[in-house]
Each structure stands twice: as structure tokens, then as C-alpha cells.
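*Asks:* Need coordinates for the following:
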Amino acid sequence: MSEREGLVVSSHGRHCVVESEGGQRRICHPRGKKSQAVVGDRVLWRAPAPGQGEEGTIEKVLPRRNLFYRQDEVRTKSFAANLDQVLVLVAAEPVFSESQLTRALIACEAAGITALIALNKSDLVEPFARAWERLWPYRHMGGEGEGAHHYRVLPLSLSQSAEVDREALLALLEGKTTLVLGPSGAGKSTLVNLLVPGASAQTGEISQALNSGRHTTTSTQLYWIDEGRHTALIDSPGFQEFGLRHLAPTDLARCMPDIAVYAGECRFYNCTHLHEPGCAVMAHVGDPRQAAISAQRHRIYGELFAELSQSRY
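*Replies:* Numbering: from 1, shown residues only. Predicted coordinates for the structure are as follows:
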């Protein structure tokens, strides 16, 4: 059988589900390590020869526009490839970790992928107000000028105003491939099922085809939102940690837009933005409503700088 092009729409350990141009799907396994694919990859694959079973083989992963991944001391975990944007979903309750949010946003910046933030559970009035206030630096990053770098922050109530939120989300997602990231309890499954009715049924079918239910929670899955297959949503497993070991400490400043704006104005070209005299970054740190860089964001920057400095040795 000749090679044909396809799209990886699901990943379960070493097995992938590849979708052909016509929309047919087949379980495939990679031929060697070089053909290890992730969801969103375009691949060349080959159907099995007669009598060789049902599984196809992935022969080659085609060049990627980007790859979104995290890396800790032990391993690298790839989420997806060829993304247009990442939607980071957090909730008013349970209280989200600003450090984890920042890490995800830094990974987006490093990969050159647009990031959106959605804050769920706006129906919980007081917790939501507190969480919305914590997101002030992200909503107002870089000031109001032409070079301002704001993160789009979307208020959601996935359990209450579902239809309103669905329309708002669809407008942001249309024509794009979007990865949804978020900790457990943020409402990721609710969001996916709101945008893709029957999503959980699709996942179940694939698990059954692989003859195992245990892969479902640890798999990554692409869903088409429209019949024309132009708008895709990728659901990824939740995570407790988000390692950035693939970055050098000196990469951090350029990956945090509020710090990057001032990093070039420091007295010393190799300023760490932590203690040097004449540091333009430190001169702009303070109360988020008064200063360009929030003290909390700068503290997280310092923690990450120390963490990444240790990992180099």
C-alpha cells in the first residue's frame, strides 16, 4: 500500500488515530522513534497489507509549524502540534495557581502560540470577583499603547449561561486549532462537551477500539467543531506540574511580555532583573494597579529563574 497523508486526531501511548483527507479514521502505530507523532501532526501513513491486521503504520511526521510541550527533570510531555492558539481554562473555585498559569503562558510565548485565558464560574459572585482581580495584570499587561501585549481574558459560567458562553467561545475558535489546557476542577470536560456534543461518546468509541478504557483519561483528543472540519478543539489531560526545563533562565524575560517591555532598558546587558543596580524591570514592579509589572508576577519570575538555573547543572 502506498503512503498517504493524514492528521493525527488522537494519541494513546504509542498508538495514534489518524484521519485521512476523506474523514476516515484508523488506529496506527509509529514505525520507529522518528515517526512518534502527537495530536495535530500531519503524517504520512500506510494501511496494513492484506492479512496484516487492522493497524496502519506512521511512516513520517511532516514538518511542524510549532509544538507545545512541557519538560521536567524526568521527561518531556508533548501536548499537541500545529496549534493556532491555547485556551487556558481556570476557575474561581477551586482557587487557581498563578504560578501554573504563568508557566503555561510562558510555554505559549516560547513556542510562538497565541494564548487566551478563560475564567470559569462567574456565577460564584464573590470568589469570581477575587479571581478576576487576580487576573488584572493579564488583562492590562503592557499598558494601553500600540505595543501593548494583553491576554484576552474571557469570563465564563459553563454551568449557568452555557448558550451565551458557547457563542462567545465559537467566535474566538472559528477557523482555528485550539488546545484547551486546565487543572482538574476548572470545567474542561464541561467546556468540551458544550462545544462538541457527544465528545465523551467519541472518546469512548476510540477506547473500545483500542480494547482498553484506561487510556481515556491520559489521552489527547482532537474534535472537529464544524462539519467542514475547519475549526478544531484539542482536549488534553489535566496536569499538576508544568515544567519549563526546556528553557534557559535567560529565556524567561522575553517570554513574559510585561517584563520583556523593559528588559532592554537595563544598565547591564546581562541583567537578571533580580538585584542589579539600574534594572529597568525592577523599577516598574509594584502594586498591579499602579505598576507595569505586578509584584506577584516578578516573584514568580524570580522563582522560575532560580529553578531553571539549578536545572542547568
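*Asks:* remind me which residues of the stretch 201-313 of the chain are low pLDDT?
*Replies:* 201-218, 311-313 (pLDDT under 70).
*Asks:* at 90 instead, please
*Replies:* 201-220, 227, 236-241, 288-291, 310-313 (pLDDT under 90).
*Asks:* Kindly report the same for the stretch 1-150 of the chain.
*Replies:* 1-2, 11-15, 21-22, 31-36, 47-54, 72-77, 140-150.
*Asks:* try 80
*Replies:* For the stretch 1-150 of the chain, the stretches flagged by pLDDT under 80 are 1, 13, 32-35, 51-53, 142-150.
*Asks:* ok, and what's touching the helix or strand that contains Leu179?
*Replies:* Element membership of Leu179, judged by DSSP states H and E, is strand 177-181. Outside strand 177-181, the residues that touch it by Cβ atoms under 8 Å, 6 or more residues apart in numbering are 40, 68, 79-80, 82-89, 104, 116, 188, 191-192, 222, 232-236, 239. C-beta here means a position set from N, CA and C on the backbone, and glycine is covered the same way.
*Asks:* what do you get if the cut-off is 7 Å, keeping everything else the same?
*Replies:* By Cβ atoms under 7 Å, 6 or more residues apart in numbering, the surrounding residues in contact with strand 177-181 are 40, 68, 79-80, 82-89, 104, 188, 191-192, 232-236.
*Asks:* Please enumerate the helices of this protein.
*Replies:* 98-111, 125-134, 136-139, 162-173, 188-195, 199-209, 257-263, 295-310 (DSSP state H).
*Asks:* Which one, of those, ends up nearest to Gly243?
*Replies:* Gly243 lies closest, by Cβ to Cβ, to one member of the helices of the chain: helix 98-111, at 8.0 Å.
*Asks:* longest strand of this protein?
*Replies:* Counting by DSSP state E, the longest strand found in the chain is strand 4-12.
*Asks:* Ok, which of the helices of the chain comes nearest Val8?
*Replies:* So among the helices of the chain, helix 199-209 is nearest, using Cβ to Cβ, at 12.4 Å.
*Asks:* List the buried residues in stretch 234-254.
*Replies:* 234-236, 239, 242-247, 249, 251-253 (16 or more other Cβ atoms under 10 Å).
*Asks:* Spatially central residue in the protein, please.
*Replies:* Val86 (4.4 Å; Cα atoms, centre = their mean).
*Asks:* So that residue sits against Tyr69, correct?
*Replies:* No - the criterion here is Cβ atoms under 7 Å, and Val86 misses it with Tyr69 at 11.6 Å.
*Asks:* got a list of what the nearest residue to Arg103 once chain neighbours are set aside touches?
*Replies:* Spatial nearest neighbour of Arg103, excluding adjacent residues (Cβ to Cβ, 6 or more residues apart in numbering): Phe242 at 4.0 Å. Phe242 sits next to 70, 100, 103-104 when contact means Cβ under 7 Å, 6+ apart.
*Asks:* cool, and Gly198?
*Replies:* Taking Cβ under 7 Å, 6+ apart, one finds nothing in contact with Gly198.
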